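J.: Structure, please.
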Amino acid sequence: MTLPSPATKSACSNSSTTSTPRLGPPPSTSASSASPFTPPPAPLPRHVLRLGRPHPLPLRPYSPRQRARRLPHPPQRPGLLPRHARPARPRGIPPAATWWWMDCVCINQADPAERGAQVELMSAIYRGARATVVWLGEASADSDAAVAFLHLLAAQDRAGSPSLDQVDVREARDEWCAVAGLLSREWWERAWTLQEFLMGEGTVMYCGGSSIGVDDMFWAVGRVWVWSQYQPSLAGLIPRTMYEKAWNRLRLLEWYRNRGEMPLVGMMAYTATSRVTDPRDRIYSLLGLATDKDRSVVGRPDYSCDAAVVYSRFARAFVEIHQSLDIVCVARALDDDLVEADDEQPGLYGRLASWVPDWSLRCMFSPPVLCLASQSASTHIGNFRPLHSWKHLCSYEASGKNLPSVSFSDDLGEMTCAGFLVDRIDGLGGVKPARHPLIELVHSTSTVNSASETVITSESASLLEMDEKMQDNSFLLFDRLARCLSLDRQDRYLRHAAPRIRFSREFEVLCRTASDTPERVFPAFSHWFLNNRDLRIGGLSLSEAISHTASAETAALPSSAGQRGTALERGQHAQDIADITDWDGFLSRARTTTSSMGKRLMVTNTGLVGMAPKRAEKGDVVCILLGCSIPLVLRPSPSGANTFTLVGECYLDEYMNGEILQGVGAQRRETREFCII
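T.: Below is the predicted model of the structure:
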C-alpha cells in the first residue's frame with residue numbers, strides 16, 4: 001500500500017478534494033517484489049471528488065488510541081497503525097492498483113478545518129464507492145469458526161423455525177461462544193463505523209482472512225435472537241449488551257434501505273450506546289446519514305468549538321428550523337433513563353443548560369422509544385420501530401398546533417418561552433426503574449387529595465346512594481390510572497390509542513389480585529402496587545377503591561400466556577396476570593412505562609393525575625409550552641423569580657391533545673413566560 005506524502009495530506013483541507021492511498025505496487029516496482037511500505041517515488045496527486053461517479057473503495061479499519069503503535073518506516077514516511085497495515089489486500093480484491101479511502105489515514109486529524117471539511121464529504125464518498133470493506137480486526141483463535149457458524153445461521157434463517165433435529169446448531173456451544181466474541185469486537189460500538197455500514201455498497205465484513213456479506217450477517221444475527229428465544233440457555237452465552245449492538249445496526253440497515261433516512265435526533269438517541277473519542281462526534285459521525293433539513297440543523301462541522309457549544313447550538317437550531325420544542329424532552333431523557341458516563345468522556349454536567357441534551361452520555365441500552373416526544377407521529381425525532389409497525393393513528397399534541405414563542409440568551413444559557421402553568425405536583429408514587437434503586441412514595445397533602453372522600457354531603461343521602469357513588473369514583477380512578485400507566489397508548493411505539501375499557505378492567509383485576517394474592521401477579525406489578533396503593537388522589541387511594549368496588553371474577557383468568565381479551569365485561573377478563581409477552585397488553589405497557597421509561601405516578605394539587613419523570617419532586621411545576629407536544633415538569637430555581645430548570649417530560653391525563661386551549665371566558669388560561677436555565 002502506498003500513501004500520500006505529508007504535503008498531500010495537508011492539502012486536503014480543500015473541501016472538494018480527498019486524499020486517497022493507492023492499493024497495489026508502486027508504478028515503478030513489480031508486483032512480486034514490492035513492499036507494501038515502499039514510499040512512492042513522487043507525491044501522489046490529490047484525488048478530485050466528483051459526485052455521482054465511482055469513488056475509491058472505502059476501508060475503515062479501527063485501532064483504539066490507547067493501543068496505537070506506530071510501525072517503523074523510512075524518514076518522511078507517514079506511519080500506519082498495526083491494524084491498518086494488515087488488511088492491505090483483503091481476499092477478493094484484484095491485484096491491480098486500486099484507490100482506497102480511509103478516514104483515519106486520509107484526513108489530517110490534527111487540523112480542525114480539514115476534519116470539518118472532510119466530514120462533510122463522507123456521505124458522497126460512501127454513496128459513490130464501488131464497494132465497502134469492513135475490517136473487524138485480526139483473526140483470533142475462534143474467529144474463523146465464528147464466521148463459518150454465522151454463515152450456517154444465515155442459511156438456516158431461511159429454513160423456518162428452530163427444531164430439535166438441528167443438533168449442529170443447538171449443541172454447538174463453542175461456536176456460540178465464538179460468535180459472542182466476534183460481536184464483542186470494538187468495531188460494533190464505534191460511532192464512526194455506522195456510516196460505512198449503512199451507506200456502503202456491496203459491503204463485506206472481514207475478520208482476519210474470513211469474511212461474510214452484510215446481508216448474511218443480517219440474517220445470522222436475526223437467527224441468533226430466534227435461537228435465544230427457543231433455547232433460553234443460549235442467552236447467557238451472548239448477553240443482551242453484546243447482541244444488541246449488532247442487532248440495532250442491522251435494524252437500522254433495514255430501516256435505511258426501506259424507509260430512507262431516520263430523523264437525526266432519533267438516530268443519535270438510539271445509537272447512544274456507541275463510543276466516540278471526541279464528544280462532538282456524537283453529532284458529526286452521523287452527519288452523512290442525516291436528511292437535508294437535519295444537516296441544516298447541524299451546520300458545517302466545527303472542531304474549533306467546545307462540545308458544549310456544539311450541543312447548545314444544535315439544540316437552538318433544532319428549535320428554530322423544526323419549529324418545535326420537543327428536543328427539550330430528549331434532554332432529560334438521556335440522563336434520566338439507564339445512562340452511564342463514557343469512560344473517556346464523563347459528561348458535560350454543569351456546562352449545559354438543562355434544556356440542552358448532553359449527547360456525550362453513553363446509554364447502557366438503546367430503548368426503541370426514548371421518550372414520549374419520540375412518538376411514532378413525530379417526523380423530527382421519531383422512534384426505532386420495525387417496518388411492519390410504520391403506520392400510526394394518533395399523536396400527542398399538548399399545545400395543539402401552536403408554534404413555539406421562544407428566545408435564547410447570547411451564551412445559550414437561557415431559553416425563554418411562552419406557555420401555560422397547569423398545576424404543581426402534590427404527591428408521587430413509588431417506582432423501581434430498571435437497574436435503579438427504589439424511589440419512595442411521596443404522600444399528597446393538598447386539601448383536594450388528602451381529605452376523606454366527601455362526594456355526598458347531604459345528610460339525607462342514603463347509605464346505598466353513598467355506596468354507589470363511592471363505587472363510581474373507584475371505577476373512575478381505575479380508568480384514570482390505567483390511562484396513565486399505559487400512557488393512553490396500546491403499543492410501545494405509541495402508534496395506537498389504548499383500548500380504555502379493556503385496559504381499565506385489566507388494571508382493576510391486577511390491583512385486586514396484587515392486594516389479595518400478590519404471588520399470582522407479575523412481580524414488577526406487584527411491587528408497583530405495593531408502593532402506590534396508599535397515594536391519595538382526590539380523597540381516594542387504590543386500596544380504598546378496591547374495598548369500595550364489587551369483587552371481579554378472577555378465577556376465569558387463563559393460565560396460558562399470549563391470550564388476549566377483546567370485548568370484556570366486568571368480571572370477565574381474558575389476560576394472564578403474570579405474562580408480559582403480549583406487548584399490546586396492559587401489563588406489558590405498564591411495565592414499559594414504569595420500569596423501562598422510569599415514569600412514576602403523580603397527582604397535582606387540584607387532583608390531576610399523570611406520569612412524571614423519576615427525578616420529579618413535590619412542588620415542581622407542570623406546564624405546557626407552546627410548540628411542545630408533551631407537557632413538562634419544571635423546578636423553580638433559587639436564582640430568580642420566573643426562572644426554572646427542566647426536570648423532564650410528563651404524561652398529564654386529559655391534557656395531551658390541546659385541552660389546555662379549549663377554555664372560554666373566565667375559564668381560559670393565559671400564557672406566561674418561562675425562563676429555563
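J.: only C-alpha atoms for contact and neighbour calcs from this point on.
T.: OK.
J.: What residue spans form the domains of the chain?
T.: Domain assignment for the chain by automatic domain parsing gives 6-63+75-130, 132-259, 261-396, 406-676.
J.: Dump those domains into CSV; add mean pLDDT and mean neighbour count as well.
T.: Output for those, formatted as CSV (pLDDT from 0 to 100; neighbours: other C-alpha atoms under 10 Å):
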stretch, mean pLDDT, mean neighbour count
domain 6-63+75-130, 53, 17
domain 132-259, 85, 18
domain 261-396, 85, 20
domain 406-676, 85, 19
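J.: For the longest helix anywhere in the chain, which helices and strands make contact with it?
T.: Longest helix of the chain, by residue count under DSSP state H: helix 463-486. Contact partners of helix 463-486 among helices and strands, from 3 or more C-alpha pairs under 8 Å, 6 or more residues apart in numbering; DSSP states H and E: helix 500-516, helix 542-548, helix 586-591, strand 609-612.
J.: Need the residues that contact it.
T.: Residues external to helix 463-486 that are found in contact with it (C-alpha atoms under 8 Å, 6 or more residues apart in numbering): 455-456, 488-489, 498, 500-501, 503-505, 507-508, 540, 542, 544-546, 548-549, 586, 589-590, 593-594, 601, 609-611, 651-653.
J.: any idea of the angle that helix forms with helix 500-516?
T.: 100 degrees (axes from the mean of the first three to the mean of the last three C-alpha atoms, to 10 degrees).
J.: Output helix 463-486 in PDB with nothing but the alpha carbons.
T.: What follows is helix 463-486 as a C-alpha-only set of coordinates in PDB (Å, rounded to 0.1, in the frame of the first residue of the first chain):
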ATOM      1  CA  LEU A 463     -76.200   4.600  52.600                       C
ATOM      2  CA  LEU A 464     -77.000   2.900  49.300                       C
ATOM      3  CA  GLU A 465     -76.600   6.200  47.400                       C
ATOM      4  CA  MET A 466     -73.200   6.800  49.100                       C
ATOM      5  CA  ASP A 467     -72.000   3.300  48.400                       C
ATOM      6  CA  GLU A 468     -73.000   3.600  44.700                       C
ATOM      7  CA  LYS A 469     -71.200   7.000  44.400                       C
ATOM      8  CA  MET A 470     -68.100   5.600  46.100                       C
ATOM      9  CA  GLN A 471     -68.100   2.700  43.600                       C
ATOM     10  CA  ASP A 472     -68.400   5.100  40.700                       C
ATOM     11  CA  ASN A 473     -65.500   7.100  41.900                       C
ATOM     12  CA  SER A 474     -63.400   4.000  42.400                       C
ATOM     13  CA  PHE A 475     -64.100   2.700  38.900                       C
ATOM     14  CA  LEU A 476     -63.200   6.200  37.600                       C
ATOM     15  CA  LEU A 477     -59.900   6.000  39.500                       C
ATOM     16  CA  PHE A 478     -59.100   2.700  37.800                       C
ATOM     17  CA  ASP A 479     -59.900   4.300  34.400                       C
ATOM     18  CA  ARG A 480     -57.700   7.300  35.000                       C
ATOM     19  CA  LEU A 481     -54.700   5.300  36.400                       C
ATOM     20  CA  ALA A 482     -55.000   2.700  33.600                       C
ATOM     21  CA  ARG A 483     -54.600   5.500  31.100                       C
ATOM     22  CA  CYS A 484     -51.600   6.900  33.000                       C
ATOM     23  CA  LEU A 485     -49.800   3.600  33.200                       C
ATOM     24  CA  SER A 486     -50.300   2.800  29.500                       C
END
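J.: Switch the helices and strands packed on helix 463-486 over to a markdown table; also include distance to residue 530.
T.: A markdown table is the format used below for the helices and strands packed on helix 463-486 (distance: least, C-alpha to C-alpha, whole Å):
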| stretch | distance to residue 530 |
| --- | --- |
| helix 500-516 | 8 |
| helix 542-548 | 10 |
| helix 586-591 | 15 |
| strand 609-612 | 17 |
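J.: Out of the ones you listed, flag the one nearest residue 248.
T.: Closest approach to residue 248 among the helices and strands packed on helix 463-486 (C-alpha to C-alpha): helix 586-591, 21.6 Å.
J.: going on from the closest one, what's the next piece of helix or strand?
T.: strand 600-604 (DSSP states H and E).
J.: Who are the packing partners of that next one?
T.: strand 415-428, strand 609-612.
J.: what is the orientation angle of that strand with helix 463-486?
T.: Relative orientation of strand 600-604 versus helix 463-486 (the same axes, to 10 degrees): 130 degrees.
J.: Each with direction, which strands does strand 600-604 pair with?
T.: The pairing partners recorded for strand 600-604 under DSSP bridges are strand 415-428 (antiparallel), strand 609-612 (antiparallel).
J.: moving C-terminal of the first one, what's the next helix or strand?
T.: Which is strand 415-428. With secondary structure assigned by DSSP H and E, strand 415-428 is succeeded by helix 447-450.
J.: who's in contact with that following helix?
T.: Contacts to helix 447-450, defined as C-alpha under 8 Å, 6+ apart, come from residues 444, 536-540, 605-607.
J.: And the closest residue to residue 440 other than its chain neighbours, how close does it get to residue 548?
T.: Ranked by C-alpha to C-alpha, 6 or more residues apart in numbering and with sequence neighbours excluded, the top spatial neighbour of residue 440 is residue 430, at 4.5 Å. To residue 548, residue 430 is 23 Å away according to C-alpha to C-alpha, to the nearest Å.
J.: of all the helices and strands packed on helix 463-486, which lies closest to residue 222?
T.: helix 586-591 (23.0 Å).
J.: for that closest one, the distance to its chain's centre please.
T.: When distances are taken as C-alpha atoms, centre = their mean, to the nearest Å, helix 586-591 is centred 19 Å away from the chain's centroid.
J.: could I get the strands paired with strand 600-604 as CSV with distance to residue 375?
T.: Converted to CSV, these look like this (distance: least, C-alpha to C-alpha, whole Å):
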stretch, distance to residue 375
strand 415-428, 21
strand 609-612, 16
